[in-house]
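> The following comprises the amino acid sequence and a computationally predicted model.
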Amino acid sequence: MLNFVDASLYLVISRSDCRGQNIFHVLEQAVQGGVTLVQLREKEMPTRDLVALAKEMKAFLARHSIPLIINDRVGVALAVGADGVHVGQDDMHPLDVRPLIGPNRVLGLSINTEEQLREARSLPVDYLGLGPIFPTQTKKDCKPALGLKGLAAMCRKKHLPAVGIGGITARNAAQVMAAGAEGIAVVSAICGANSPMDAAAELKRLTAE
């Protein structure tokens, strides 16, 4: 049985993404705006500092019944009692992650090709992150953009709930949903906004249409 998570408006956040704003200010506004799931993605932060940040974030999100996903750092996820882990194609393999986190935590996997999509059918993951959909500057090692046609093709073949990620804004969010995604994952569209709350609320409206 899959671990269900509402990823309709999925915020991926790090300190650097917040462009000088306090990460908890952005997070609080995003929650007020309607985000349903939060992933903390801090690839370079020292483990002790990341645990401290994730603990505080987990406590805040728990008060709002919003799950916290940790990107890649399985030990950190376990240390803070996070609700799940998200891994990419170059991170720890899902077959190695699942025994560590147990059957009840959420496990997400980034997918960029149809070959990876086929391989995911035999993996113990709960949702897929499909992307990047559009070109993005958020990730330095970004793979080629799928585009809306590529996303739609993958959504027709997917076996799990999927979120689109990469270059998604209020201008194209509805198109991503129309292509077959169950949700959108965004970074700068919320973290880089003058009002993260208003940006999240607008994206929430678009995903619900």
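Thanks, I have it. Keep in mind the model is a prediction, meaning the values are calculated, not measured.

> N22: neighbour count?
The local packing of N22 (other C-beta atoms under 10 Å) involves 10 other residues. Every C-beta, even on glycine, is put in place using the N, C-alpha and C of the backbone.

> swap in S195?
12.

> Would you mind measuring from it to L206?
Separation of S195 from L206 (C-beta to C-beta, to the nearest Å) stands at 16 Å.

> next one: G166
16 Å.

> Between these two, tell me which one has more neighbours.
G166 (26 against 20).

> From what I see, the more buried one and G147 are in contact.
No - with contact defined as C-beta atoms under 8 Å, G166 does not reach G147; the gap is 10.3 Å.

> Show me whatever sits in contact with both of these two.
I133, F134 (C-beta atoms under 8 Å, 6 or more residues apart in numbering).

> residue boundaries of the helices in the protein?
23-33, 47-63, 74-80, 94-101, 114-120, 147-157, 173-178, 188-191, 196-208 (DSSP state H).

> For R15, find the nearest of these.
When those are compared by C-beta to C-beta, helix 23-33 sits nearest R15, at 5.1 Å.

> Reformat the helices of the chain as TSV; add mean pLDDT.
Shown next, in TSV, are those (pLDDT from 0 to 100):
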stretch	mean pLDDT
helix 23-33	98
helix 47-63	98
helix 74-80	98
helix 94-101	98
helix 114-120	97
helix 147-157	97
helix 173-178	97
helix 188-191	97
helix 196-208	96
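
> right, so of those helices, which gets closest to T136?
Per C-beta to C-beta, nearest to T136 of these: helix 188-191, 7.9 Å.

> And the closest one, what does it pack against?
Counting contacts by 3 or more C-beta pairs under 8 Å, 6 or more residues apart in numbering; DSSP states H and E, helix 188-191 packs against strand 9-13, helix 23-33, helix 196-208.

> Against V76, how distant is the residue with the largest distance to the centre of the chain?
Seen from the C-alpha centroid of the chain, the residue lying at the greatest distance (C-alpha atoms, centre = their mean) is R48, 22.5 Å away. Per C-beta to C-beta, R48 is found 10 Å from V76.

> what's the average pLDDT for stretch 163-171?
Taken as a whole, stretch 163-171 has an average pLDDT of 97.

> Could you tell me the end-to-end distance of that stretch?
With C-alpha to C-alpha, to the nearest Å as the measure, stretch 163-171 spans 17 Å from end to end.

> starting at the chain centroid, how far to that stretch?
Computed by C-alpha atoms, centre = their mean, to the nearest Å, the separation of stretch 163-171 from the middle of its chain amounts to 11 Å.

> circling back: what about the helices of the chain, which gets the closest to L107?
When the helices of the chain are compared (using C-beta to C-beta), the closest one is helix 94-101, at 6.0 Å.

> and the closest one, what does it pack onto?
Partner elements for helix 94-101 (3+ C-beta pairs under 8 Å, 6+ apart): helix 74-80, strand 84-87, strand 106-111.

> in the first one, what's buried?
Applying a neighbour-count criterion of 16 or more other C-beta atoms under 10 Å, one finds V74, V76, A77, A79, V80 buried in helix 74-80.

> I'd like those residues as TSV, with distance to P94 appended.
Shown next, in TSV, are those (distance: C-beta to C-beta, whole Å):
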residue	distance to P94
V74	11
V76	17
A77	14
A79	20
V80	20
